[in-house]
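Trainee: sharing a model that was predicted from the sequence below.
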Amino acid sequence: MKVCFVDHLWVEKLGIMQLIAMLRRAGHQCSYVLDDDLVRVRRKVAAIAPDLVCFSVTTGMHTWALEIAADLKQHLGVTIFVGGPHTTYFPKTVENPAVDYVCVGEGDHACVAVVDALSRGEVPRHVAGIHGKEPGGGTWGNEVGRLEEKLDSLPWADREILYRHDFMRRSPFKSFVVSRGCPYHCSFCYIDAERDLYKGKGKFVRFRSPESVVDEVEWVHKKWGIKLVSFEDDLLTINRKWVYKFCEIYARRLRLPFNINARADDMDEPMCEALADAGAWCVAFGVESGDEEMRNKVLNKELDDATIIAASARMHRHGIKFLTYNMIGLPGESVEMALKTIELNRRIGADMCRYTLYEPYAGTKLSDELIARGELVDDAGASSFNQYLTSPLRADNMRELENLQKFFYLLVRVPQLEPIVRQLIKLPPNRAFTAVFWGTYATVLRRYLMLSYPRLLSLGARSVRHWFQ
């Protein structure tokens with residue numbers, strides 16, 4: 001069967017690449033259209049003439065996918081299959097006139113089963129995690145199946161299909177995912193909802209073997225070259241035994257610089273030593289808020305200032321750069337509380353910072369609470385707001401917080417500007433503030449991913465439509 005995946009972001013979508021690998025292993029033909037223009041997408045899909053068109057979407061980006069799907073349905077009459085985080089939490093997406101099937105949860109085996117059934121002329125009613133339409137109206141849906149616990153049994157992500165694009169093939173960094181699941185319960189994260197979805201369906205936190213991971217990185221490096229390895233997993237450091245084994249093998253065979261996501265309370269002396277010896281370039285971890293009560297009582301992060309400060313000092317000693325994740329515009333946050341987040345980043349000497357406005361992902365505990373209290377402008381959560389520019393929360397001081405977020409990194413680096421910025425944030429939001437944000441944010445992104453200025457500008461040009469929508 002001919003399957004075409006459609007996407008519009010110039011990044012390595014490892015979920016799509018994994019599904020393509022699974023489908024090709026099952027004997028199906030796959031293509032990948034990477035474009036954001038409706039007419040061009042239609043023309044490219046028509047030339048391929050697929051039996052099935054697939055989208056993998058997150059909330060917020062789903063609006064683009066449904067617009068494209070509607071156009072393809074109208075002009076080409078193709079069957080549309082949508083999966084990803086958005087359909088996992090919004091299975092009613094199947095009610096959209098353009099959509100024929102949606103996947104809830106992990107799609108490795110479900111996607112193959114759907115395509116197998118369709119290739120036989122059957123309706124995939126029996127496939128776990130799949131929702132579809134009744135011929136005479138209405139919908140049907142199945143609960144998710146068991147989790148795949150043996151991640152080594154899955155094929156490596158298919159990079160050949162994406163690296164046909166010169167821009168993607170020449171990227172200095174290559175992305176990898178080596179685990180699934182997270183044991184923590186942060187109120188702003190989707191993970192509790194996913195854990196509940198799979199209750200009784202198998203082990204939730206899973207890792208590939210260290211040997212398999214190093215084999216894949218080594219193969220990609222030999223075939224296409226890698227300047228920086230970027231591990232996109234939520235938290236690699238939760239499995240200490242795995243990390244130590246991985247670092248030992250990686251240091252012996254590769255020693256390419258790499259980035260990982262961690263928690264500050266995992267970054268003790270042995271962990272820092274192992275990562276440094278293996279060549280870790282940067283560790284990213286969540287500060288979220290500089291106010292401990294906000295961080296722990298509202299966000300349920302279970303992490304105190306002392307732990308963050310101690311972990312940061314250790315990483316400095318071991319020569320590991322670190323990036324912090326921070327949010328501004330949190331529920332009930334004052335300007336002074338937000339400034340505490342900036343101050344904490346100064347105190348720990350953060351090398352880089354990611355600083356967005358709080359985005360209430362639909363289906364998370366905190367988002368549900370805000371909806372119940374009527375504190376969101378849009379009950380769909382983050383579906384119509386941009387975490388870089390505007391907030392969906394109703395708050396009297398939100399304009400000042402939105403403005404302060406634009407100056408975040410500048411204030412971390414140049415604290416002497418704080419008296420001036422305190423006055424500037426009282427002004428209406430404007431293009432000058434937005435320019436400050438994008439200028440500083442681009443500086444962080446370039447450094448974190450080892451990008452050249454020409455590549456950074458090219459990436460920005462390809463992505464600007466979606467950042468500002």
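Mentor: That came in fine, so what should we check first? Remember, it's a predicted structure, so these values are computed and weren't measured experimentally. Numbering: from 1, shown residues only.

Trainee: tell me how the chain divides into domains.
Mentor: 2-141, 171-467 (automatic domain parsing).

Trainee: so which of those comes closest to Arg164?
Mentor: Closest to Arg164 of the domains of the chain is domain 2-141 (CB to CB; 8.0 Å). The C-beta positions use only the backbone N, C-alpha and C, and glycine is treated the same way.

Trainee: output the domains of the chain as TSV; include the columns mean neighbour count.
Mentor: Below are those laid out as TSV (neighbours: other CB atoms under 10 Å):
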stretch	mean neighbour count
domain 2-141	19
domain 171-467	18
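
Trainee: what would those look like in a markdown table with distance to Asp152 and mean pLDDT?
Mentor: What follows is the domains of the chain, written out as a markdown table (distance: least, CB to CB, whole Å; pLDDT from 0 to 100):
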| stretch | distance to Asp152 | mean pLDDT |
| --- | --- | --- |
| domain 2-141 | 13 | 96 |
| domain 171-467 | 5 | 94 |
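
Trainee: element containing Asn261, please.
Mentor: strand 258-262 (DSSP states H and E).

Trainee: report all helices and strands that that strand contacts.
Mentor: strand 228-231, helix 269-278, strand 280-288 (3 or more CB pairs under 8 Å, 6 or more residues apart in numbering; DSSP states H and E).

Trainee: okay, the domains of the chain in a markdown table with distance to Trp156 next?
Mentor: Formatted as a markdown table, the domains of the chain follow (distance: least, CB to CB, whole Å):
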| stretch | distance to Trp156 |
| --- | --- |
| domain 2-141 | 6 |
| domain 171-467 | 5 |
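
Trainee: Lys150 is nearest to which of those?
Mentor: domain 171-467 (8.3 Å).

Trainee: now do the strands in the stretch 251-400 of the chain.
Mentor: Ranges of strands in the stretch 251-400 of the chain, per DSSP state E, counting those that start in this stretch, are 258-262, 280-288, 321-328, 352-357.

Trainee: which outside residues touch the shortest one?
Mentor: Outside strand 258-262, the residues within contact range by CB atoms under 8 Å, 6 or more residues apart in numbering are 173, 228-237, 250, 271, 275, 278-285, 448-449.

Trainee: work out the gap between that strand and the centre of the chain.
Mentor: Relative to the mean C-alpha coordinate of its chain, strand 258-262 is positioned 14 Å out (CA atoms, centre = their mean, to the nearest Å).

Trainee: between the two ends of stretch 320-339, how far is it?
Mentor: Stretch 320-339 has an end-to-end distance of 26 Å (criterion: CA to CA, to the nearest Å).

Trainee: for Val3, phi and psi?
Mentor: Backbone geometry at Val3, expressed as degrees, to the nearest 10, gives phi -120, psi 130.

Trainee: swap in Met450?
Mentor: phi 50, psi 50.

Trainee: show me the contacts for it.
Mentor: 172-173, 227-228, 257, 281.

Trainee: so it versus Leu456, what's the distance?
Mentor: 10 Å (CB to CB, to the nearest Å).

Trainee: before we move on, what about Glu160?
Mentor: Distance, Glu160 to Leu456, by CB to CB: 26 Å.

Trainee: need the strands of the stretch 251-400 of the chain in CSV (columns: distance to Arg146).
Mentor: Output for the strands of the stretch 251-400 of the chain, formatted as CSV (distance: least, CB to CB, whole Å):
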stretch, distance to Arg146
strand 258-262, 26
strand 280-288, 30
strand 321-328, 32
strand 352-357, 35
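
Trainee: relative to Phe167, which of the ones you listed is closest?
Mentor: Of the strands of the stretch 251-400 of the chain, nearest to Phe167 by CB to CB is strand 258-262, at 20.4 Å.
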